[in-house]
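S.K.: got a predicted model here, sequence first, then my questions.
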Amino acid sequence: MNGTLKRVAIACMVMFGLLLVNVNYLQAVKAEQYREDNRNFRRFFERYENQRGRITAGNEVLAESIDTEGDIRFERRYPHGRMYAPVTGFFAPESERGIEATENRLLDGSSADLLIRRAVDLFTNKPVRGANIDLTIDPRAQKAAYDSLRKIGKKGAVVAIDPRTGAIKAMVSLPSYDPNVLAVPNKATVAQAYNKLDADPDKPLLNRAIETTFAPGSTYKVVTAAAFLSEDDTRGPQTQVDAPQVLDLPNTTVGLPNYAGAACGTGRVSLQFALERSCNTPFAKIGMELGYAKMQEQAAKFGIGEAIQIPLGVAPSSIGEEEDKAALAQASIGQRSMQMTPLQMAMVAAGVANDGVVMKPYLVNKIVGPEGDEIEQTEPDELSEAVTPDVARKLKQMMVSVVQQGTATAAQIPGVAVGGKTGTAETSDGQPPHAWFIGFAPADDPKIAVAVFVQSGAAGDLATGGHTAAPVARDVMQAVLQQ
């Protein structure tokens, strides 16, 4: 009898032990998995119990949470919708994107920086409140960029930077989307809306300013010119360079012509003239003579290849792997394997404008607590010295000439000296070329640097960056300078 009782007791102890192990396994090991499970409706309601902080830019509210006093306590709203969607992103029932994602723990109040604030709210029986995120975006520059690019009716992006600090003043990507339809506290409704956007061939969810790369075309000649001038400090805007109508490329019977087969002077021209007219052959020849190593070194000094967080993740730009001289010639004029984000090309313009110093780009100006107390202020930080002040001065002179009497006259602003460079990048899919413009103003004391990208911009004579992209940049620069 005692043996039977012992066996029963041991069996009970084993089962009780297994039960304890299972409980601890579920609570410790599997807790996060169950917490994030789509079927966990408790988690769904918890997402809307806290009052997320605002996202602001200047005096504009870009995202805020509205108290409904219902079962879904706080609902997210985006007053400016599509204009800021690539920046703010969205807060959906099961996910976040954009600033809503990168600053989520501050916005929802769960950050360690808000521990005391959470304790006070708990003691006073108030909903947990998140911090407010103030962005560097200038609302007037953002609106000018959005309106001007939208008039073209093409896919594209605009990035504007304060070259002195790296603060991003505008970031627009088109086509865009309305984040309000993804903020509805209904999983089925949001899933349907998201799937429709995700399946759209125009990819409205893609932030073309930072999430993908494109051939920069002739805007990249600024970097090639920088490498050429940096190699020998006796060189300048009036240095003569070879400018054949067609450049013979090694190991191939196909030559490299100037745009549309045009002549560029009479065989030798000044570097400034070559940049003004955006001649292909001089810069392709310069790239071949400098070699891949020097071209890559100069690119790296502008931040090309860096893994950048603003805090949004930025796709790395690249000049491509080393190939033969013919490939390097094409890369030196922004074609072949050359791939840049619009943000990166804005950094090139900003580096030239800022006497050769490239500042780290950033999007968050400051973080403010629920009661208005400042938690953190972003301090400008230097990324690199792309070129010496003397080389920067020479590049500025040439880029001003491009706007005054070259391919970028459409970027002129009355009474303001503007520096710039146009670009027209051919595509391999049979579509019209991409149109680019990079520039800065005012040239004697630059306050804004801009990159404009128009995907498959136009056909025929209107395909160039000078016709399509430069006017957009002019509108953005004017919006900043008129303040």
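M.R.: Perfect, I can see it now. Numbering: from 1, shown residues only.
S.K.: now the most centrally placed residue in the chain: how far from Gln238?
M.R.: Among the residues of the chain, the one closest to the centroid is Ile210, at 3.0 Å (C-alpha atoms, centre = their mean). Using C-beta to C-beta, to the nearest Å, one gets 37 Å for the distance from Ile210 to Gln238. C-beta coordinates here come from the backbone N, C-alpha and C atoms, glycine included.
S.K.: before we move on, back to that, the residue nearest to the centre of the chain: what's its closest spatial neighbour, skipping adjacent residues?
M.R.: Closest residue to Ile210 apart from its sequence neighbours, by C-beta to C-beta, 6 or more residues apart in numbering: Val314 at 4.5 Å.
S.K.: can you give me the buried ones in stretch 95-111?
M.R.: Across stretch 95-111, burial judged by 16 or more other C-beta atoms under 10 Å covers 96-104, 106-109, 111.
S.K.: likewise for stretch 391-409?
M.R.: 391-404, 406-408.
S.K.: and the pLDDT for Ala31?
M.R.: The model reports Ala31 with a pLDDT of 54.
S.K.: cool, and Thr468?
M.R.: Per the predicted model, pLDDT is 93 at Thr468.
S.K.: with Arg35 instead?
M.R.: 54.
S.K.: so the residue nearest to Ile210 makes contact with Met340?
M.R.: No: here Val314 does not reach Met340: they are 11.0 Å apart, not a contact under C-beta atoms under 8 Å.
S.K.: looking at these two, which is more packed in?
M.R.: Met340 (33 against 22; other C-beta atoms under 10 Å).
S.K.: what sits against the more buried one?
M.R.: For Met340, the contacting residues are Thr213, Phe214, Ala215, Pro216, Tyr220, Ile304, Ser317, Gly334, by C-beta atoms under 8 Å, 6 or more residues apart in numbering.
S.K.: chain neighbours aside, what residue packs nearest to the third one?
M.R.: Excluding its sequence neighbours, the residue lying closest to Ala215 (C-beta to C-beta, 6+ apart) is Ala425, at 3.9 Å.
S.K.: hang on, the one you found packs against Tyr259?
M.R.: No: if you go by C-beta under 8 Å, Ala425 and Tyr259 don't touch, sitting 10.9 Å apart.
S.K.: shared neighbours of these two, anything?
M.R.: Contact criterion C-beta under 8 Å, 6+ apart; residues shared by Ala425 and Tyr259: Ser218.
S.K.: between these two, which one's more packed in?
M.R.: Set side by side, Ala425 and Tyr259 show more neighbours around Ala425, with 26 against 19, by other C-beta under 10 Å.
S.K.: send me the helix or strand containing Ile10 as CSV with only the CA atoms.
M.R.: Assigned by DSSP states H and E, Ile10 belongs to helix 2-24. Extracted in CSV, the C-alpha atoms of helix 2-24 (Å, rounded to 0.1, in the frame of the first residue of the first chain):
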residue,chain,number,x,y,z
ASN,A,2,2.8,2.4,0.9
GLY,A,3,4.6,1.6,-2.4
THR,A,4,1.4,2.5,-4.3
LEU,A,5,1.1,5.8,-2.4
LYS,A,6,4.7,6.6,-3.0
ARG,A,7,4.4,6.1,-6.8
VAL,A,8,1.2,8.2,-6.9
ALA,A,9,3.0,11.0,-4.9
ILE,A,10,6.0,10.9,-7.2
ALA,A,11,3.8,11.0,-10.2
CYS,A,12,2.0,14.0,-8.8
MET,A,13,5.3,15.8,-8.0
VAL,A,14,6.6,15.1,-11.5
MET,A,15,3.4,16.5,-13.1
PHE,A,16,3.5,19.5,-10.8
GLY,A,17,7.1,20.1,-11.7
LEU,A,18,6.3,19.8,-15.4
LEU,A,19,3.5,22.3,-14.9
LEU,A,20,5.8,24.8,-13.2
VAL,A,21,8.4,24.3,-16.0
ASN,A,22,5.7,24.9,-18.7
VAL,A,23,4.4,28.0,-16.9
ASN,A,24,7.8,29.5,-16.7
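S.K.: OK, contacts around the residue nearest to the centre of the chain?
M.R.: Val159, Met171, Ile310, Leu312, Gly313, Val314, Ala315, Thr341, Pro342, Leu343.
S.K.: please flag which of those residues sit within strands.
M.R.: Val159, Met171 (DSSP state E).
S.K.: mark which of the contacts of Ile210 are buried, thanks.
M.R.: Val159, Met171, Ile310, Leu312, Val314, Ala315, Thr341, Pro342, Leu343.
S.K.: look up how far Gly415 lies from the spatially closest residue to Leu205 that is not a sequence neighbour.
M.R.: Spatial nearest neighbour of Leu205, excluding adjacent residues (C-beta to C-beta, 6+ apart): Leu197 at 5.3 Å. Between Leu197 and Gly415 the distance is 43 Å, computed by C-beta to C-beta.
S.K.: who has more neighbours, the two?
M.R.: More neighbours surround Leu197 than the other of Leu197 and Gly415, with 16 against 7 (other C-beta under 10 Å).
S.K.: look up phi and psi at that one.
M.R.: The phi and psi values for Leu197, taken as degrees, to the nearest 10, are phi -70, psi -40.
S.K.: Pro204 is in contact with that one, correct?
M.R.: Yes: counting by C-beta under 8 Å, Leu197 touches Pro204, with 5.6 Å between them.
S.K.: list the residues that contact both of the two?
M.R.: Common neighbours of Leu197 and Pro204 (C-beta under 8 Å, 6+ apart) are Tyr177.
S.K.: so where is the protein shaky, pLDDT-wise?
M.R.: For the chain, the stretches with pLDDT under 70 are 1-3, 21-45, 115-127, 260-262, 428-430, 458-463.
S.K.: Ala170 contacts Ala145, correct?
M.R.: Yes: Ala170 lies in contact with Ala145 (C-beta under 8 Å); the separation is 4.5 Å.
S.K.: so what's in contact with those two at the same time?
M.R.: What both Ala170 and Ala145 touch, as defined by C-beta under 8 Å, 6+ apart, is the set Val158, Ala160, Val476.
S.K.: quick one, what contacts the residue nearest to Leu205?
M.R.: Tyr177, Leu182, Pro204, Leu205.
S.K.: surely Thr341 touches Gly313?
M.R.: No: taking C-beta under 8 Å as the definition, Thr341 is not a contact partner of Gly313, at 11.0 Å.
S.K.: which residue ranges form the strands in the stretch 201-350 of the chain?
M.R.: Secondary structure of the stretch 201-350 of the chain (DSSP state E, counting those that start in this stretch): strands at 240-243, 246-247, 256-257, 267-270.
S.K.: how about the stretch 51-200 of the chain?
M.R.: Under DSSP E, counting those that start in this stretch, the stretch 51-200 of the chain gives strands at 55-57, 60-67, 74-77, 90-91, 96-97, 132-135, 156-161, 168-174.
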